[in-house]
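Undergrad: Sequence and predicted structure below; questions after.
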Amino acid sequence: MSNDNKNSINSDNPLIRVQTTDWNKERLEQLKQLMPDLFTNDGQLNINELKKVVDPKSVNETERYEFRWFGKSNAKREAFTPTNATLVYDEARSVIPSKLELKELKNGQNTEKNSENSANPVNSGPDNFIIEGENLAVLKLLSQSYREQVKCIYIDPPYNTGKDFVYSDNFNQDRKEYWEDAEITENGYKIDTNAETDGRFHSNWLNMMYSRLLIARQLLKEDGVIFISIDDNEVHHLRKLCDDVFGEENFLGQVSRLTGTPTGQGTRGLVSELDYVVIYSKSDEGDFNGVEFDEEDKQIYNQTDEKGQYLTRPLRKTGGEDKREDRPSMYYPLTAPNNTEIYPVGPGGYESRWRCSLSKYKELEGDGMIEWKEINEDESLVWKPYLKFYLEGRLKQPSDLWKNMDGNKKASIDLKKLLEEKIFDFPKPVEVIKKCALISSDKNDIILDFFAGSGTTGQAITELNQEDGGNRKYILVQLPEATDEKSEAYKAGYKKISDITIERNKRVVEKIIKEKKEAQPDLFSKKESEYEQLKGLGFKVFKLKKSNFPRVEYAPDPEKTEEENIELLKKYIRDKEAQLVTAFNKEELITEILIKNGFKLNYTLTKQEAFKKNEILLATDGDKETLICLDVTIADETVEHFKTHTDQKLIVLERALNTTKKWNLKHAMGDKFNAF
């Protein structure tokens with residue numbers, strides 16, 4: 001066989017191979033899909049980055065093409081280190097319009113019978129969550145239970161304009177400035193600053209964003225999409241940063257948005273009337289939904305028949321791949337109304353092709369989708385076939401210029417009207433986030449915003465669900481950043497930005513309920529109808545908190561021996577666990593245990609009546625379930641039950657078991673048994 005023939009076989013018929021599969025190449029592609037941050041911007045595996053995962057000390061830095069800045073390696077390490085924090089439910093600030101449980105309504109169960117279940121406030125209400133806390137720690141807590149569960153992420157991070165710099169990565173267990181001195185439950189966390197005079201001004205911002213984007217990527221579904229609002233200060237760095245995190249090939253576009261509020265007057269540069277939304281997908285599965293045409297777009301559908309408005313396009317293919325040789329099967333004659341044969345011929349007489357095969361043409365003709373027009377061409381009339389496109393049911397591909405929507409000034413006015421005073425600067429327009437959700441998610445997806453600010457994303461998703469009957473869920477994360485004591489927000493009683501986040505979304509829910517009751521008062525005359533009307537409205541509030549478990553707070557004494565420190569640790573654990581089982585909040589402890597075992601925040605608890613000696617609860621989040629018991633002693637008959645009933649997982653307190661009971665449960669249940 002000649003070399004030419006060999007090349008033909010390899011290029012034209014991929015089913016014929018002259019060598020076996022290159023499995024190394026496939027394995028590298030799989031690794032790149034899983035961890036794109038281990039590859040350079042030109043697609044090569046970065047061996048040193050891979051070594052850092054296994055042994056950071058083994059890396060020798062060398063020069064290569066990549067996006068680097070001071071602190072990058074540490075920011076990556078910080079992204080993947082565990083957190084000792086937990087989340088606790090804040091019932092007082094949660095907004096649950098209906099306390100009824102759908103399960104009780106549908107099954108006709110007695111509410112009193114389920115009083116043990118409904119005593120846990122997390123059991124009822126919507127699957128929307130507002131989380132007050134430092135977002136990196138929160139993302140880590142969500143990374144197991146919500147891994148590959150989020151379809152759309154929208155964030156509006158600090159633009160790094162040289163003013164206050166809110167987010168720090170040093171929120172570890174013993175940082176008093178966050179947990180205690182700042183008194184975050186009342187007064188808010190005092191923010192850090194990032195002055196332009198700092199020699200690491202851009203590096204500080206990049207480190208903050210890098211660690212959060214790395215962990216956020218793990219929450220996205222394989223076809224998930226992230227939208228990041230930004231302005232000219234850091235947009236160029238953000239693009240390179242996202243190439244590093246998501247892969248350059250997963251860049252979907254950069255939207256330019258007319259803000260309606262010119263900035264930068266009096267500077268030597270151009271006045272800016274734009275900001276941007278940078279968009280990346282997690283993998284090559286990410287794509288956009290089509291969007292409806294606006295009034296300006298509809299004007300091109302300027303023809304009408306009995307089926308409605310339509311436009312026509314030449315059946316002859318134009319643009320790329322329009323030559324006969326590109327698709328020979330699409331070059332054929334058609335019979336015009338005057339019985340002449342028409343071929344797809346382009347300008348100058350070159351042979352082109354039709355848009356479809358002959359069989360497809362006959363199908364379109366039978367459906368009334370072909371229209372012949374007599375066209376004046378070269379001073380003579382000739383017949384040309386056209387393909388009809390009807391407006392009804394047709395969507396268009398989103399563009400990178402968003403201009404026909406509310407600007408920033410309108411967003412500020414709307415928020416002021418909702419909250420009855422101006423207490424938040426520069427909120428994003430609700431319509432911007434609605435559009436992000438519409439083009440990237442379906443009606444039952446989860447949308448995450450971990451720079452929630454005033455809570456625009458929550459309002460956008462709530463209103464969008466009301467408009468199209470969707471059941472989208474949102475998760476908002478906002479640092480309890482202290483408001484300035486001289487600000488209007490502080491004077492109005494909002495000591496933290498997160499207070500504004502919560503209040504805004506509370507007002508949105510109240511406004512919708514009021515409008516519903518005014519429009520259809522009869523639907524609220526029965527509890528069942530009321531519940532259906534309010535289902536999905538509202539949200540639950542969680543707060544970031546120090547772990548309930550004492551082990552994470554112990555620090556060895558450097559002046560003592562290893563043996564002495566081990567004994568001190570054992571005594572510390574004994575003393576603290578004695579306090580734990582007598583003074584802990586059961587609901588908080590259950591939440592921490594379940595979150596750290598991969599349960600989502602929408603878990604429910606049901607008391608198992610079959611157990612008489614111990615309180616055993618069934619926890620489920622719809623995807624996984626476990627039995628859990630926090631009694632300080634596990635009865636013998638409970639142990640005997642689980643020696644023969646091994647179909648469900650069981651979590652108990654370790655101190656509730658003696659050696660024999662622990663061995664029996666572990667021997668019978670194996671990995672389904674867990675003591676902590």
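TA: Done, it's in.
Undergrad: all strands for the stretch 401-550 of the chain, in order.
TA: All strands of the stretch 401-550 of the chain, identified by DSSP state E, counting those that start in this stretch, fall at 401-402, 446-449, 473-478, 539-546.
Undergrad: quick one: contacts of stretch 434-445?
TA: The contact list for stretch 434-445 (C-beta atoms under 8 Å, 6 or more residues apart in numbering) reads 150-152, 154, 224-225, 227, 277, 286, 288-291, 398, 402, 405, 447, 460-461, 463-465, 468-473. (C-beta placed from N, C-alpha, C; glycine too.)
Undergrad: what comes up buried for it?
TA: 434-441, 445 (16 or more other C-beta atoms under 10 Å).
Undergrad: Quick one: mean pLDDT for it?
TA: Mean pLDDT, computed over stretch 434-445, is 94.
Undergrad: Endpoint to endpoint, it covers what distance?
TA: Length of stretch 434-445, first residue to last, C-alpha to C-alpha, to the nearest Å: 13 Å.
Undergrad: quick one on the thing from earlier: state the pair within the buried residues of stretch 434-445 that is farthest apart.
TA: Farthest apart among the buried residues of stretch 434-445 by C-beta to C-beta are 435 and 445. That separation is 14.9 Å.
Undergrad: Verify the contact between residue 330 and residue 352 for me.
TA: No. Judged on C-beta atoms under 8 Å, residue 330 makes no contact with residue 352 at a distance of 9.2 Å.
Undergrad: anything in contact with each of the two?
TA: 317, 344.
Undergrad: Tell me how the chain divides into domains.
TA: 79-254+274-292+397-544, 314-389, 553-675 (automatic domain parsing).
Undergrad: Quick check: which element contains the residue lying closest to residue 71 once chain neighbours are set aside?
TA: With sequence-adjacent residues excluded and distances taken as C-beta to C-beta, 6 or more residues apart in numbering, residue 71 is closest to residue 207, at 4.5 Å. Residue 207 belongs to helix 201-219 when assigned by DSSP states H and E.
Undergrad: pLDDT below threshold where in the stretch 1-150 of the chain?
TA: Along the stretch 1-150 of the chain, segments meeting pLDDT under 70 span 1-23, 41-42, 56-64, 98-125.
Undergrad: thinking again about what came up before, do I have it right that the residue nearest to residue 71 meets residue 73?
TA: No. The pair residue 207 / residue 73 is not scored as a contact, 10.0 Å apart, by C-beta under 8 Å.
Undergrad: higher neighbour count, the two?
TA: Using other C-beta atoms under 10 Å, the more surrounded residue of residue 207 and residue 73 is residue 207, with 22 against 15.
Undergrad: quick one: low-confidence parts of the stretch 201-350 of the chain?
TA: Ranges of the stretch 201-350 of the chain meeting pLDDT under 70: 264-268.
Undergrad: In it, mark out all the strands, start to finish.
TA: Counting by DSSP E, counting those that start in this stretch, the stretch 201-350 of the chain has these strands, from start to end: 220-230, 251-263, 272-281, 303-305, 308-314, 334-335, 341-342.
Undergrad: So for the longest one, what gets flagged as buried?
TA: In other words, strand 251-263. Buried residues in strand 251-263, counted by 16+ other C-beta under 10 Å: 252, 254-255, 257, 259.
Undergrad: got a pLDDT number for residue 463?
TA: For residue 463, the pLDDT comes out at 96.
Undergrad: so what's it closest to, chain neighbours aside?
TA: residue 430 (6.7 Å).
Undergrad: For the one you found, grab the count of nearby residues.
TA: Quick note: residue 430 (other C-beta under 10 Å) scores 24 neighbours.
Undergrad: Over to residue 214?
TA: Using other C-beta under 10 Å, residue 214 has 21 other residues around it.
Undergrad: So which of the strands of the stretch 201-350 of the chain is nearest residue 360?
TA: strand 334-335 (12.4 Å).
Undergrad: quick one: strands adjacent to that closest one?
TA: Using DSSP bridges, strand 334-335 pairs in its sheet with strand 341-342 (antiparallel).
Undergrad: what's next to the strand it pairs with, contact-wise?
TA: Applying C-beta under 8 Å, 6+ apart, the contact partners of strand 341-342 are 333-336, 382-385.
Undergrad: Would you mind giving the strands of the stretch 401-550 of the chain as TSV with mean neighbour count and distance to residue 135 added?
TA: Output for the strands of the stretch 401-550 of the chain, formatted as TSV (neighbours: other C-beta atoms under 10 Å; distance: least, C-beta to C-beta, whole Å):
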stretch	mean neighbour count	distance to residue 135
strand 401-402	14	26
strand 446-449	26	10
strand 473-478	26	5
strand 539-546	22	9
